[in-house]
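> when you get a sec, could you give me coordinates for this:
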Amino acid sequence: MCERVKPGAAAAAKDEREHVVHAFDLTPSVIGRRPAVFSAGQSQPWHSGDVEIRAGTVTAIYLFDVAEQIDLHGLRRLLGGAANARLTSKSSAPAYLQYQTPPLVVDGDAVRAAAIDGFHARFKFFDYGVVSLALMQPFAGGWTDVVATSRQYIENAALETQAEGVVREIVHRCGAVMTRIRREYLSEDYLVVAVHALEAAVSADDLLATHGAQIAQLLRGEVQPLSNQEQEEVLRNRLSYLSDDLVVPTWNAAFVYDTESGAAGALELFEFVNSQLLEFRYYDALLDAELGRIYPALQRTSWWRNLTGGGAVRAASQLHSLFIDVNELTDRTENALKIAGDIYAARVFALVGARLGLARWKQSVEDKLETLDAIYRFAVEQVSISRGQFLELTVVLILILELILFMIGVMK
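Prediction:
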């Protein structure tokens, strides 16, 4: 489980937890009167006052690095009822937006996955060994309910433990199509709160003006309202493509105001960026471990061990193999998604990647690969020097032997 420091109080009070339940209650007692419903993206006169949320979805995404590689064709045969993930373009301009190897999407009901805390489960399998479990649940109600809901599920350790248990069960059933299954899973989690319809049509700017404080608070998972400075820090990294849509990502949660299809497209990008982050974290930890193991091995090298295939020779061989493997895996991860001509998708991808620090993790892996390459070159050089010295010594010994034989009269 990925350990993070959760902001806010450690646990909500009982009455707050009971209040959260009503966020998912669609009965008339909660909604009250039933005025006309306006969806994000629907052309209507803007309303600047306080509005209730008529339809939305909270999605808790849990990603686990379970293996080095997953055979998606074999997995499809094992599970059945699976479909390839598809990315839809929000822009009306011609765009190229697709996975190089589309992940496999499986509904939780198709694999008889038990419901988790009332959430509907959906699995997504990436060919580079990542399994994503999305837990989805609809909600409606006031903004106070949404803030309480986010606070309950953001960085929820109990829910993540249940999610890992379900994923381990799936991996156990499908282990035959997975290569080098991990004993311990590296994980990432991300909460997405999406609002699809309000009681009145509201532009993105008006929504920020009237409910920016609540949006920032739900993204931080805090009990108390945030300061103006912190609100500005959270909300300044946002994106609106049309006048009536909004994406506000942070490092562990995101808020989306869009139609259901628009929010689904953003969710796909959130999920993919987190899968990349997870892989770069794994490679970074792998390289750290290997470098920590190789440094002492190089320090114990000797002239004789280099000649006999030990020491620097063995280290160089291992380094070269690791360098090729990691380079191949990182290239496959980076090229998993192709975006061309879709400005919205490219901007969402870049914004979420920046908030998650994807570039820093990628740079860390690249720096370690450069270090690995430098150590490999050093090891090869040491082996070459040792063998060159051995050849020189051999020539000297032959000359000495010939001189001795000549002096004793054996050679003339």
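
> contacts and neighbour counts: CA atoms only from here.
Fine.

> how close does residue 154 sit to residue 191?
Distance, residue 154 to residue 191, by CA to CA, to the nearest Å: 6 Å.

> now do the shared contacts for the two.
Listed contacts common to residue 154 and residue 191 are 60, 252-253; contacts here mean CA atoms under 8 Å, 6 or more residues apart in numbering.

> top of those residues by neighbour count?
residue 60 (26 neighbours; other CA atoms under 10 Å).

> hang on, it packs against residue 136?
Yes - applying CA atoms under 8 Å, one finds residue 60 in contact with residue 136, separated by 6.6 Å.

> number of nearby residues for residue 294?
There are 19 residues near residue 294, going by other CA under 10 Å.

> roughly how far apart are it and residue 329?
21 Å.

> please apply the same query to residue 76.
The gap separating residue 76 from residue 329 is 22 Å, by CA to CA.

> can you check residue 357 too?
Residue 357 sits at a distance of 19 Å from residue 329 (criterion: CA to CA).

> can you pull out the strands in the stretch 1-150 of the chain?
For the stretch 1-150 of the chain, the strands defined by DSSP state E, counting those that start in this stretch cover 38-39, 53-65, 69-70, 83-84, 96-99, 104-107, 120-125, 130-141.

> mean pLDDT for those strands: which is lowest?
Out of those, strand 38-39 stands lowest, with a mean of 47 (criterion: mean pLDDT).

> so what pLDDT did residue 194 get?
The per-residue pLDDT reported for residue 194 equals 97.

> grab the nearest non-local neighbour of it.
Spatial nearest neighbour of residue 194, excluding adjacent residues (CA to CA, 6 or more residues apart in numbering): residue 256 at 4.5 Å.

> using PDB, write out every CA atom in the helix or strand that contains that neighbour.
In this structure, residue 256 sits in strand 253-257 according to DSSP states H and E. The C-alpha trace of strand 253-257 is given here as PDB (Å, rounded to 0.1, in the frame of the first residue of the first chain):
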ATOM      1  CA  ALA A 253      -7.700  13.600  -6.000                       C
ATOM      2  CA  ALA A 254      -9.500  15.500  -8.800                       C
ATOM      3  CA  PHE A 255     -12.800  17.400  -9.300                       C
ATOM      4  CA  VAL A 256     -14.600  17.300 -12.600                       C
ATOM      5  CA  TYR A 257     -17.600  19.300 -13.700                       C
END
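
> thinking again about what came up before, okay, residue 154 and residue 191: which has more neighbours?
When neighbours are counted by other CA under 10 Å, residue 154 and residue 191 differ, and residue 191 comes out ahead with 27 against 23.

> okay, helices next: where are they in the stretch 301-412 of the chain?
For the stretch 301-412 of the chain, the helices defined by DSSP state H, counting those that start in this stretch cover 303-307, 312-334, 343-356, 358-407.

> other residues contacting the third one?
Translated: helix 343-356. The list of residues contacting helix 343-356 from outside it, by CA under 8 Å, 6+ apart, reads 89-91, 237-239, 241, 247, 249-252, 266, 269-270, 273-274, 277, 339-340, 359.

> now, of those, which are buried?
Restricting those to buried positions leaves 89-90, 238-239, 241, 247, 249-252, 266, 269-270, 273-274, 277, with burial counted as 16 or more other CA atoms under 10 Å.

> so which of the residues you listed sit within helices?
Those of the buried ones among the contacts of helix 343-356 mapping onto helices are 266, 269-270, 273-274, 277, per DSSP state H.

> format those as a markdown table; extra columns: distance to residue 70 and pLDDT.
Listed next are those as a markdown table, based on distance: CA to CA, whole Å; pLDDT from 0 to 100:
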| residue | distance to residue 70 | pLDDT |
| --- | --- | --- |
| 266 | 25 | 93 |
| 269 | 21 | 93 |
| 270 | 21 | 96 |
| 273 | 18 | 94 |
| 274 | 18 | 96 |
| 277 | 18 | 94 |
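
> which ones are touching residue 66?
129-131, 171, 181-186.

> let's see that with 10 Å instead.
Contact analysis of residue 66 by CA atoms under 10 Å, 6 or more residues apart in numbering lists 128-131, 167-168, 171, 175, 178-187.

> I figured residue 212 hits residue 231, correct?
Yes - using CA atoms under 10 Å, residue 212 is in contact with residue 231, at 7.5 Å.

> and the average pLDDT for stretch 250-264 is what?
94.

> next one: it to chain centre, how far?
Mean-position distance between stretch 250-264 and its chain equals 16 Å (CA atoms, centre = their mean, to the nearest Å).

> phi and psi next, for the nearest residue to residue 248 once chain neighbours are set aside.
The shortest distance from residue 248 to any non-neighbouring residue, by CA to CA, 6+ apart, is to residue 238 (4.5 Å). Residue 238 adopts backbone torsions of phi -140, psi 170, taken as degrees, to the nearest 10.

> next one: residue 220
Dihedral angles of residue 220 (phi, psi; degrees, to the nearest 10) stand at phi -90, psi -20.

> show me what contacts it?
Residue 220 neighbours (CA under 10 Å, 6+ apart): 6-8, 147, 150-151, 154, 214, 226, 230-231, 234, 250-254.

> hmm, which of the residues you listed are the buried ones?
Taking 16+ other CA under 10 Å as the criterion, what is buried in the contacts of residue 220 is 147, 150-151, 154, 214, 226, 231, 234, 250-254.

> need the residues you listed in a markdown table (columns: distance to residue 323).
Formatted as a markdown table, the buried ones among the contacts of residue 220 follow (distance: CA to CA, whole Å):
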| residue | distance to residue 323 |
| --- | --- |
| 147 | 46 |
| 150 | 42 |
| 151 | 42 |
| 154 | 37 |
| 214 | 47 |
| 226 | 46 |
| 231 | 44 |
| 234 | 39 |
| 250 | 33 |
| 251 | 30 |
| 252 | 31 |
| 253 | 34 |
| 254 | 35 |
